[in-house]
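Q: have a look at this prediction, sequence included:
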Amino acid sequence: MKQSKGVVKKYSREYTRTLKSGKKKKYKTEQVQITIPKQDNVFENNEDVLILPYSENPFEEYEKTLSDLKTKYETLMDENNQLKEKVASYETRSSLDNLESNGSISNLESNSQSEAESRLSSMNLEESNLNPLSDDSISNNSQIDTDKKDLNNPEKSIGDKADKSLDNLKSIGDSVNKDSDDLEKPVENKLISEESFRNDYKDDIIYNLQEEYIDLTKRYEELQKELSLLKNDQLSNEYLIRRLKKFILNLE
């Protein structure tokens, strides 16, 4: 459908006529002139045209709405592309993190093993230091037995002290063994904790990206529905305009 813009100008003229009865009556005539720029003159001579006031032109609003929807659509596509780039970047970073984490775990295991060996070596040294105490205790015990033969009154007290010394030595040995067993537990717990943290962090990022993608998809579908409704309205209005034009031409 051809369209063109023009300027409307109104002219009026008043005149008086004398009726047969002798009375005078005033009349007023109006003339409407539409001026169209030469470069916009797309009409033929004596062609019937349909004129719509520019202030009530529905196409201007449609054009603006379509332009806004186009802008929103382009923005949505940009956000979608950025989201895809984020997913690709995350997958690449996740692969690198896995490689680095494997190296870190190996280093951690090596360091933990070295630390454990150092602790065990230190404990063995402590245990070797305790051996002279045990020998001294045995020597003291022999001395106590000798004194026991010579002394009848304090023999019970000395025997109790010797037994207590042996119990203390056994307690120290048990403590050393317990420290050796507990040394491996923190290393294992630390590895499990790091693996759990890494998995939780990865799951959170994937969940957030999925939620963002779903939100963008919903917004895209809503814009498609709005665009479809606007197109239907435009077709309906064009149909009404054609009917109105046909009706006006039939009246003429």
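A: Cool, the structure landed. Residues are numbered from 1 along each chain as shown.
Q: what helix or strand is residue 67 located in?
A: helix 58-150 (DSSP states H and E).
Q: output the below-cut-off pLDDT ranges for the stretch 51-200 of the chain.
A: Along the stretch 51-200 of the chain, segments meeting pLDDT under 70 span 54-63, 94-195, 197-198.
Q: can we see that at 50?
A: 130-131, 133-134, 137-138, 140, 144, 147, 150-156, 158 (pLDDT under 50).
Q: quick one: strands adjacent to whichever helix or strand residue 8 is part of?
A: Residue 8 belongs to strand 7-18 when elements are defined using DSSP H and E. Strand pairing for strand 7-18, using DSSP bridges, gives strand 24-35 (antiparallel).
Q: how about residues contacting the partner strand?
A: 6-19, 51 (Cβ atoms under 8 Å, 6 or more residues apart in numbering). C-beta coordinates here come from the backbone N, C-alpha and C atoms, glycine included.
Q: same check, this time on stretch 213-232
A: With Cβ under 8 Å, 6+ apart, stretch 213-232 has contacts from 62, 65, 66, 69, 72, 73, 76, 79, 80, 83.
Q: tell me how many other residues surround the closest residue to the second one other than its chain neighbours.
A: The reference is to residue 65. Leaving aside its chain neighbours, residue 65 sits nearest to residue 230 (5.8 Å; criterion: Cβ to Cβ, 6 or more residues apart in numbering). Applying other Cβ atoms under 10 Å, we find 15 residues neighbouring residue 230.
Q: before we move on, what SS does residue 230 have?
A: Here residue 230 is recorded as helix under DSSP: H, G, I helix; E, B strand; the rest coil.
Q: ok, it to residue 46 distance?
A: As judged by Cβ to Cβ, to the nearest Å, residue 230 and residue 46 stand 36 Å apart.
Q: over to residue 211?
A: Applying Cβ to Cβ to residue 211 and residue 46 gives a distance of 65 Å.
Q: which of the two has more neighbours?
A: residue 211 (10 against 5).
Q: wait, what's in contact with the more buried one?
A: Contacts of residue 211 by Cβ under 8 Å, 6+ apart: none found.
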